[in-house]
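**Student:** have a look at this fold, sequence not included:
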C-alpha cells in the first residue's frame, strides 16, 4: 500500500491546474492571454472564440495564433478543411532545436505574411502529431487547402524557406 502521492509540478497550488477535474481540459478563456505586440506574426494564445473580427480573426475557422501549452489544439479533421496556405509547427517549449529555429521562422513569416502559422505543443502520444507522423521536433508541415505540400523535420533555414515557397506557389 502506498502513501499519499505528492502533487505533480503542474498540479501545485497557484498554477490553476488544481481546479481542473481529472481527465478534463482547461478552456482557453481560463488562461491569461498574451498581450498583443503589434507584430502580425507574433505568437499568442488563441482565445476560445474563432472568427471574431473584433479579435483579429480572419473569418475562415482557423485560429490566428497559438503558442506554448495549447489547451485546445485543432483536430486533424478541422485542419484538413482549412483553406489557403498554412504552416503547422510541431515542437515543445523546452526543445533547443525549436527555440533556435523560432527567430528564423518569425522572419520568414514576416516575408510570407499570407501563410497562416499554427504552433502546436507536441508530446508523446498526442494524436495530432502522430497523425502527421511527427517523430522529431521541430517538424514543419506546410499545407495548402488542407493538403500537405511539404513536411520537414529539424529543418535548416533554407529548407524552411523552400517550404514557404512551395506552399506559396500556385498548385500544379
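**Tutor:** Everything's here; your move. As the structure is a prediction and not an experimental result, all values here were calculated from the model.
**Student:** which pLDDT does the model give the closest residue to residue 123 other than its chain neighbours?
**Tutor:** Take residue 123 and drop its neighbours on the chain: the residue closest to it by Cβ to Cβ, 6 or more residues apart in numbering is residue 92, 6.8 Å away. Quick note: C-beta positions are derived from backbone N, CA and C, even for glycine. Residue 92 carries a pLDDT value of 92.
**Student:** and if you look at the one 5 residues further on?
**Tutor:** According to the model's per-residue confidence, residue 97 sits at a pLDDT of 96.
**Student:** quick check: it touching residue 138?
**Tutor:** Yes: applying Cβ atoms under 8 Å as the test, residue 97 and residue 138 come out as touching, 6.0 Å apart.
**Student:** how about the strands in this structure?
**Tutor:** Counting by DSSP state E, the chain has strands at residues 85-91, 116-121, 139-144, 147-153.
**Student:** these: lowest mean pLDDT?
**Tutor:** Minimum mean pLDDT among the strands of the chain: strand 116-121, a mean of 91.
**Student:** which strands or helices does that strand pack on?
**Tutor:** If you count contacts as 3 or more Cβ pairs under 8 Å, 6 or more residues apart in numbering; DSSP states H and E, strand 116-121 packs onto strand 85-91.
**Student:** the strand it packs on pairs with which strands, parallel or anti?
**Tutor:** strand 116-121 (parallel), strand 139-144 (antiparallel) (DSSP bridges).
**Student:** how about the lengthiest helix in the chain: buried residues?
**Tutor:** The single longest helix within the chain, with elements called by DSSP state H, is helix 96-111. Applying a neighbour-count criterion of 16 or more other Cβ atoms under 10 Å, one finds 98, 101, 102, 105, 108, 109 buried in helix 96-111.
**Student:** point out where the chain drops to low pLDDT.
**Tutor:** 1-72, 172 (pLDDT under 70).
**Student:** and the helices in it?
**Tutor:** Under DSSP H, the chain gives helices at 76-80, 96-111, 127-131, 157-168.
**Student:** need the overlap of contacts for residue 97 and residue 138.
**Tutor:** Common contacts of residue 97 and residue 138, defined by Cβ atoms under 8 Å, 6 or more residues apart in numbering, comprise 91, 154.
**Student:** hang on, the earlier thing: can the strands of the chain go into CSV with extra columns for mean neighbour count and distance to residue 76?
**Tutor:** Formatted as CSV, the strands of the chain follow (neighbours: other Cβ atoms under 10 Å; distance: least, Cβ to Cβ, whole Å):
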stretch, mean neighbour count, distance to residue 76
strand 85-91, 23, 10
strand 116-121, 22, 11
strand 139-144, 22, 11
strand 147-153, 15, 11
